[in-house]
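A.B. asks: Would you be able to build a 3D model of this:
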Amino acid sequence: MVNLQSITLKPDIELALNPYELDFARSMLLVLNVEGGLLADGGINHKATDKGGLTKFGISQRAYPNVDIANLTATQAIRIYHRDYWRAMQCAQMEIGVDTLIFDGAVNHGRFAMTQILQRCVGAKPDGLLGPKTLAAARRQRPTELIAQLSVNRGRKYARICASDASQRPNLEGWFNRLAYMTEFAFCLYADEVC
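C.D. replies: Sure thing, here's the model as predicted:
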C-alpha cells in the first residue's frame, strides 16, 4: 500500500490543494495518485480502450468537452473535482473513509451511478438523486459496513460493464486494483491509522 506521507507532491499540486479542507485534500491526493495526476505530465493519456478520450489529471475530454484537457492545470482540475464530485456528492457530510470511497466512485462511475450504488447499499430508493433521505440512511449505517458494501457493489458495477461491453475487459484489472487501493485506504482512514 502507498503511504500518503511518502508521496512527494509537486509544488503546483501542493499549492492547488492548500485552500481545501483536509478530508477533501486527502481524498483528492488518492484520486490523483490512481489517475496518474501526480506524474510530471499530469498523467495525460489517450488509450484506445478508454472511452473518456484525452485525459489529464483524471479529467476526460468526454466528460468535459469544453475544457482544454491538453493544457489543463492542477489547480483547474482540483477545482473541477471539488465542485463536480466532492460537493455534488456531499462528501463532507459522510463519515471519513466513506467520503473517500464515494468521491472516488463518483469520479470513476459518474455521480448518478455512484449515487444509485450508495442508495442500494443503504436501502434508499435508487433514483440517482442524492438528497436528505439518502444522506440520513447513509449516516445510520456503520461506516465499516458501508465501506464494505460500497466496495463490493462498485466491483459488481465493473463486472456488469465488462459483461455488456467486451471492449472494456482490458480495463477490468486496473479498475479492480483501483477499487482495492481505495477500499484499503477507506478502512485505514476510518480506523485513524497512519496511511
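
A.B. asks: Could you use CA atoms for every contact and neighbour count after this?
C.D. replies: Will do.

A.B. asks: pLDDT on stretch 126-137, on average?
C.D. replies: Averaging pLDDT along stretch 126-137 yields 95.

A.B. asks: Quick check: which ranges of this protein have low pLDDT?
C.D. replies: Low-confidence segments of the chain, defined by pLDDT under 70: 1-8, 48-50, 193-195.

A.B. asks: okay, which residue of it is out on the far edge from center?
C.D. replies: Centroid-distance maximum for the chain: Ala166 at 23.6 Å, with C-alpha atoms, centre = their mean.

A.B. asks: So what does that one have for phi and psi?
C.D. replies: Main-chain dihedrals, Ala166, degrees, to the nearest 10: phi -60, psi -20.

A.B. asks: Repeat that for Gln61.
C.D. replies: For Gln61, the backbone dihedrals are phi -60, psi -30 (criterion: degrees, to the nearest 10).

A.B. asks: likewise Arg156?
C.D. replies: Dihedral pair for Arg156: phi -60, psi -40, per degrees, to the nearest 10.

A.B. asks: Count the neighbours of it for me.
C.D. replies: Using other C-alpha atoms under 10 Å, Arg156 has 13 other residues around it.

A.B. asks: sorry, back to before: tell me the spacing between the residue farthest from the centre of the chain and Arg160.
C.D. replies: As judged by C-alpha to C-alpha, to the nearest Å, Ala166 and Arg160 stand 10 Å apart.

A.B. asks: ok, now Ala88?
C.D. replies: Ala88 is 25 Å from Arg160, by C-alpha to C-alpha.

A.B. asks: of the two, who's got more company?
C.D. replies: Between Ala88 and Arg160, Ala88 has the larger neighbour count (other C-alpha under 10 Å), namely 14 against 11.
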